[in-house]
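Novice: Here is the input, now give the coordinates:
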Amino acid sequence: MSITQPLREEGDDLYALLKDEPAAIFDQKTAFKDWTVWDVIAHLHVSDVQALASARGADTFKAETGPMIAAMKQGRSLIDYTRERCAGLSGAALFQRWRDTFVEMCDAFDATDPDARLKWFGPDMGVRMFATARQMESWAHGSEIYDLLGKTRVETDRIQNVVVIGIKTYKFNYAIRGREAPQPQPYVKLTAPSGAVWDFGEPGDNSIEGSAVDFAHVVTQSRNVADTELKVTGPVATEWMSIAQCFAGGAEEPPAPGTRGPKS
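Specialist: Modelled structure (predicted):
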């Protein structure tokens, strides 16, 4: 299996979800920060452009991301820059551009030395981890569109990649809040879409058990833990699930209970 297969499958699913939708869908607002579907695709597209630039070399990455970094230093937000970068593109044109770049990015990852480390906004990342991070972003933002359309995504065990990022960012969740993460890290036991059981850590007083998909929703902040069927036991596990985020950047608050989920 190529290192990008889970990422490609994630992108294929999102493409299949939207490709036959009417053009008006791109103007509809999702439950994520009032972003429209156009905003969601633009965000994924610009991030994929930057990832492709990284695969082409540090100098290419620096040249590609320089204007965005300058814009943010001037006080503009990431979504403001993204909207300016993609201004003038219709939803359909943007969607096709995202798709073409996405495939090109995956091809570039597969053609890169597996031991290479690529530039990103934080520490450099190995190619495999880079592909996994792009899968996580595609899955998380895809959730907003599935919810808007009231459709249920057919999940597979590739969700394990998102789960693992959620597990590995436990200390990060506290560090971005200026705190040391309580130890030991809570035990996590999850049921995969296939029925397989994945567990992380050692059983103790603090634990999280339930669906791997529910856990992925919580750590990507596409659901409040109260809107899942996760069984959370102990004060440390409870606090972790209230602040969990597996994506980079400053501390973000999860959605309020009842605000994210399939549109009825």
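
Novice: biggest helix in the protein by residues?
Specialist: Here the longest helix in the chain is taken by residue count, with DSSP state H as the criterion, and it is helix 127-149.

Novice: list the helices and strands that one packs on?
Specialist: For helix 127-149, the helices and strands in contact under the criterion 3 or more CB pairs under 8 Å, 6 or more residues apart in numbering; DSSP states H and E are helix 5-18, helix 37-55, helix 91-110, strand 117-118, helix 160-168. From N, CA and C alone the C-beta is placed, and that goes for glycine too.

Novice: Dump the third one to PDB, restricted to CA.
Specialist: Going back to what we said before, that points to helix 91-110. Included here for helix 91-110 are C-alpha records, laid out as PDB according to Å, rounded to 0.1, in the frame of the first residue of the first chain:
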ATOM      1  CA  GLY A  91     -17.600  26.800  -6.800                       C
ATOM      2  CA  ALA A  92     -17.400  24.300  -9.600                       C
ATOM      3  CA  ALA A  93     -14.000  25.700 -10.800                       C
ATOM      4  CA  LEU A  94     -12.600  25.800  -7.300                       C
ATOM      5  CA  PHE A  95     -13.800  22.200  -6.700                       C
ATOM      6  CA  GLN A  96     -12.100  21.000  -9.900                       C
ATOM      7  CA  ARG A  97      -8.900  22.900  -9.000                       C
ATOM      8  CA  TRP A  98      -8.900  21.400  -5.600                       C
ATOM      9  CA  ARG A  99      -9.300  17.900  -7.100                       C
ATOM     10  CA  ASP A 100      -6.500  18.300  -9.600                       C
ATOM     11  CA  THR A 101      -4.100  19.700  -7.000                       C
ATOM     12  CA  PHE A 102      -5.000  17.000  -4.500                       C
ATOM     13  CA  VAL A 103      -4.100  14.300  -6.900                       C
ATOM     14  CA  GLU A 104      -0.900  16.100  -7.900                       C
ATOM     15  CA  MET A 105       0.000  16.400  -4.200                       C
ATOM     16  CA  CYS A 106      -0.500  12.700  -3.600                       C
ATOM     17  CA  ASP A 107       1.600  11.800  -6.600                       C
ATOM     18  CA  ALA A 108       4.300  14.100  -5.300                       C
ATOM     19  CA  PHE A 109       4.300  12.500  -1.900                       C
ATOM     20  CA  ASP A 110       4.500   9.000  -3.400                       C
END
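
Novice: on contacts alone, who are the packing partners of that helix?
Specialist: Using 3+ CB pairs under 8 Å, 6+ apart as the contact criterion, the secondary-structure elements in contact with helix 91-110 are helix 5-18, helix 37-55, helix 127-149.

Novice: go on, the shortest one?
Specialist: For strand 117-118, the packing partners by 3+ CB pairs under 8 Å, 6+ apart come out as helix 37-55, strand 125-126, helix 127-149.

Novice: Of all the ones you listed, which one is nearest Thr4?
Specialist: With respect to Thr4, and counting by CB to CB, the nearest of those is helix 127-149 at 5.0 Å.

Novice: in that closest one, what's buried?
Specialist: Neighbour counts using 16 or more other CB atoms under 10 Å place 127, 129-149 of helix 127-149 among the buried residues.
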